[in-house]
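Asker: no sequence on this one, just coordinates:
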Ligand code: PEP
Ligand code: MG
């Protein structure tokens, strides 16, 4: 792609998912539409009706395309939502009301349509009936789509573009991200977000480069602008010059050489030079094909984020549907272990759709999330636990609870699990009676009482993404405080060490499944603290294996001792990255440092 002749603009954001991409921009802005009202004289009102008819046709056509795509990807049940949307657009009473608003009040079509749609939403919202509530959600969704069409703005959807584009947005939610087609999105760039927002984690696991936290990029670019995205350095270049295009061509070759070198370790054990082995597990979200799982080189799955199955659909999946998802991963990985984490909805993972489990809150990360939500929606929790237990009959399964903050919660979850086991026994359905249960340690309170928690579970997995956000009081998705999200903070280092010590004293294994585990800079440190298992995104596996094979436990221990004495995060960062660079062996000469 050639330089467009426009002025080059270089912007720095957060390097969120590695990789380099170059191509045209697809702009996806989700902010509320601003509808203006203006008076339309009588002789121009027919034009407004014609625009309305055009938008209705366009929207119906989009819905037909979407229906086919979703049916192909997710099945007929999920696709039926678009039939309901079509029905809204064909509602004669609604169409008449819009036309009346145009002809009687001289309203422009955008305002007329929004007025009628709001009237419907308000009237239906007051009726306490599940079916009517579903219609309200349909009206809102389809109205938004039609208004976008009227105003010439695009909504992100699979049918919107075919060739690969760089997706630029003010914000992309995890439920948008699950619908992204890897073949059509070559990179993601957003105003908001940080390295550990779930959208970014999903991008990383799909191997899509991302730069986030750019504050206003969605207002600085237009559809079709050309851009380079450097997900390694967190750089974005809009309208790149010939020199930049040339430089990035070279960088891409260098990076590819390094990746090829790392890849040579993919199917070798992550064993240090002095013989200590680290099991390298995979973080998955249920969308991975058997082929991708088997080619990953992983020793198992250390974190299955099950909520992503919920986010992909409009309704809560049944026990049977979940069982089939879990069984697919368990059977594919067999005999390797699969740790299935129970539902972690809430926070930045809001479930849209009708049967939403999540609620709008002022502080979603501190609110109704994960185990808290499950303990109050017992029916949903039990369906999931039974589905996981049933999948344990097909391979090696472990169960893990997210967001545990006290022994009380852990005991409550365990007792519900026992109820589920009893139900399966009486149904005569098989499961592994010895299934292990673990607790995530991702809330500071849990870290402090890790010795107590260890009495009621068989393993810990540290969720550094949340642990850091809660320890440092830094919202993991807020770009304004992203610079304060500091994994190198001495408090984080000490807490990690204390969790490993508590696990070792209690005789239970401690692994790490947060994003720190996938950053090679921290691998030696975690190993020295006591980790013998790390769970990471597929794209990080080879690099970590390669690095571990170039160090000894002894050296890593010396670095850890130094780090634990330091009070300055920058010094900690420096010592860790120079240790990393010094042990890159042959890769050092091909990595651009
Ligand atoms: C974590 O918090 O580190 C973690 C692994 O869980 P999630 O990122 O899904 O919150
Ligand atoms: Mg977490």
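Answerer: Looks like it came in fine. Predicted, not measured: the structure shown is a model, and the values here were computed from it. Ligands and ions are numbered 1, 2, ... in the order given.
Asker: residue contacts, the residue in the stretch 101-250 of the chain that ligand 1 sits nearest to?
Answerer: Residue of the stretch 101-250 of the chain nearest ligand 1, by CB to the nearest ligand atom: residue 201 (5.8 Å). Every C-beta, even on glycine, is put in place using the N, C-alpha and C of the backbone. Residues in contact with residue 201 (CB atoms under 8 Å, 6 or more residues apart in numbering) are 283, 465, 515, 537.
Asker: go with 10 Å
Answerer: 16-17, 174, 177, 195, 210, 283, 285, 305, 308, 348, 465, 476, 514-515, 518, 537 (CB atoms under 10 Å, 6 or more residues apart in numbering).
Asker: then residue 330?
Answerer: 301, 304, 323, 336-338, 340, 388, 390-397.
Asker: ok, now with 6 Å
Answerer: Shown in contact with residue 330 (CB atoms under 6 Å, 6 or more residues apart in numbering): 338, 391, 394-395, 397.
Asker: quick one: which helix or strand includes it?
Answerer: For residue 330, the element it lies in under DSSP states H and E is helix 319-333.
Asker: what's the answer for residue 400, then?
Answerer: Residue 400 belongs to strand 396-401, assigned by DSSP H and E.
Asker: and the helix or strand that comes right after that strand, how far out from the chain's middle?
Answerer: Moving toward the C-terminus from strand 396-401, the next helix or strand (DSSP H and E) is helix 407-427. Offset of helix 407-427 from its chain centre (CA atoms, centre = their mean, to the nearest Å): 29 Å.
Asker: against which helices or strands is helix 407-427 packed?
Answerer: helix 378-391 (3 or more CB pairs under 6 Å, 6 or more residues apart in numbering; DSSP states H and E).
Asker: now do the helix it packs on against helix 319-333, angle only.
Answerer: Per axes from the mean of the first three to the mean of the last three CA atoms, to 10 degrees, the angle that helix 378-391 makes with helix 319-333 is 30 degrees.
Asker: and helix 378-391, what does it pack onto?
Answerer: Against helix 378-391 (3+ CB pairs under 6 Å, 6+ apart) you get helix 319-333, helix 407-427.
Asker: among those helices, which comes closest to residue 446?
Answerer: Closest approach to residue 446 among the helices and strands packed on helix 378-391 is made by helix 407-427 (8.9 Å; CB to CB).
Asker: parallel or antiparallel, list what pairs with the next helix or strand after that closest one.
Answerer: Counting by DSSP H and E, the next helix or strand C-terminal to helix 407-427 is strand 436-441. Paired strands of strand 436-441, with direction, are strand 396-401 (parallel), strand 459-462 (parallel) (DSSP bridges).
Asker: report whether strand 436-441 contacts ligand 2.
Answerer: No. Using CB under 5 Å from the ion, strand 436-441 stays clear of ligand 2, with a minimum separation of 6.5 Å.
Asker: from ligand 2, how far out is the closest residue to residue 538 other than its chain neighbours?
Answerer: Leaving out its chain neighbours, the residue that sits closest to residue 538 by CB to CB, 6 or more residues apart in numbering is residue 296, at 5.0 Å. Residue 296 sits 22 Å away from ligand 2, taking CB to the ion, to the nearest Å as the criterion.
Asker: what pLDDT is listed against residue 296?
Answerer: Residue 296 carries a pLDDT value of 93.
Asker: and the contacts of stretch 545-561?
Answerer: Under CB under 6 Å, 6+ apart, the answer for stretch 545-561 is 262, 265, 270, 272-274, 276, 278, 280, 520, 523-525, 527-528, 579, 583, 585.
Asker: can you give me the buried ones in the helix or strand the residue of the stretch 101-250 of the chain closest to ligand 1 falls within?
Answerer: In this assignment (DSSP H and E), residue 201 forms part of helix 198-206. Applying a neighbour-count criterion of 16 or more other CB atoms under 10 Å, one finds 198-206 buried in helix 198-206.
Asker: and it, average pLDDT?
Answerer: 83.
Asker: is it anywhere near ligand 2?
Answerer: No. Helix 198-206 lies apart from ligand 2 when judged by CB under 5 Å from the ion; the minimum separation is 8.9 Å.
Asker: and the next helix or strand past that helix?
Answerer: With DSSP H and E setting the assignment, the helix or strand that follows helix 198-206 is strand 210-212.
Asker: tell me what that next one is packed against?
Answerer: Short answer (3+ CB pairs under 6 Å, 6+ apart): strand 210-212 packs on strand 14-17, strand 185-190, helix 198-206.
Asker: and the following helix or strand past it, which residues are buried?
Answerer: Next along the chain after strand 210-212, taking DSSP H and E as the criterion, comes helix 217-220. Of the residues in helix 217-220, 217-218 count as buried by neighbour count, 16+ other CB under 10 Å.
Asker: swap in stretch 290-305?
Answerer: Residues of stretch 290-305 classed as buried by neighbour count (16+ other CB under 10 Å): 293, 296-305.
Asker: what is the end-to-end distance of that stretch?
Answerer: Its start and end residues considered, stretch 290-305 measures 17 Å (CA to CA, to the nearest Å).
Asker: chain neighbours aside, what residue packs nearest to residue 52?
Answerer: Residue 52 sits nearest to residue 109 (CB to CB, 6+ apart), 4.9 Å away.
Asker: can you check residue 509 too?
Answerer: Leaving aside its chain neighbours, residue 509 sits nearest to residue 459 (4.9 Å; criterion: CB to CB, 6+ apart).
Asker: the one you found and ligand 1: what is the separation?
Answerer: 14 Å (CB to the nearest ligand atom, to the nearest Å).
Asker: that residue reaches residue 508, doesn't it?
Answerer: Yes. Assessed by CB atoms under 6 Å, residue 459 is found in contact with residue 508 at 5.4 Å.
Asker: just checking, next helix/strand downstream of the helix or strand containing residue 499?
Answerer: Counting by DSSP H and E, the element that carries residue 499 is helix 490-506. Remark: after helix 490-506, the chain's next helix or strand is strand 510-512, criterion DSSP H and E.
Asker: close to ligand 1: what parts of the stretch 101-250 of the chain are there?
Answerer: Contact residues (CB under 6 Å from any ligand atom) of the stretch 101-250 of the chain with ligand 1: residue 201.
Asker: mind listing what the residue lying closest to residue 336 once chain neighbours are set aside touches?
Answerer: Distance criterion CB to CB, 6+ apart; nearest residue to residue 336, sequence neighbours excluded, is residue 300 at 3.8 Å. Residue 300 makes contact with 281, 336-337, according to CB under 6 Å, 6+ apart.
Asker: among the residues you listed, name the ones in strands.
Answerer: 281, 337 (DSSP state E).
Asker: ranges for the strands of the stretch 151-300 of the chain?
Answerer: 165-169, 185-190, 210-212, 226-230, 235-238, 270-271, 277-284 (DSSP state E, counting those that start in this stretch).
Asker: longest helix of the protein?
Answerer: helix 45-74 (DSSP state H).
Asker: so what does it touch, helix or strand wise?
Answerer: Short answer (3+ CB pairs under 6 Å, 6+ apart): helix 45-74 packs on helix 76-79, helix 81-89, helix 92-105, helix 109-125, helix 130-151.
Asker: mind checking the pLDDT average for the fourth one?
Answerer: Averaging pLDDT along helix 109-125 gives 89.
Asker: if we can go back for a sec, surely the residue nearest to residue 52 meets residue 48?
Answerer: Yes. Assessed by CB under 6 Å, residue 109 is found in contact with residue 48 at 4.3 Å.
Asker: and the strands paired with strand 436-441, which is most packed in?
Answerer: Mean neighbours per residue, mean count of other CB atoms under 10 Å, is largest over the strands paired with strand 436-441 for strand 459-462, with a mean of 25.
Asker: what about that strand, average pLDDT?
Answerer: So the average pLDDT for strand 459-462 ends up being 98.
Asker: contacts for the helix or strand just after it next, please.
Answerer: Moving toward the C-terminus from strand 459-462, the next helix or strand (DSSP H and E) is helix 464-472. Applying CB under 6 Å, 6+ apart, the external contacts of helix 464-472 come out as 196, 442-444, 476, 487, 491-492, 514-516.
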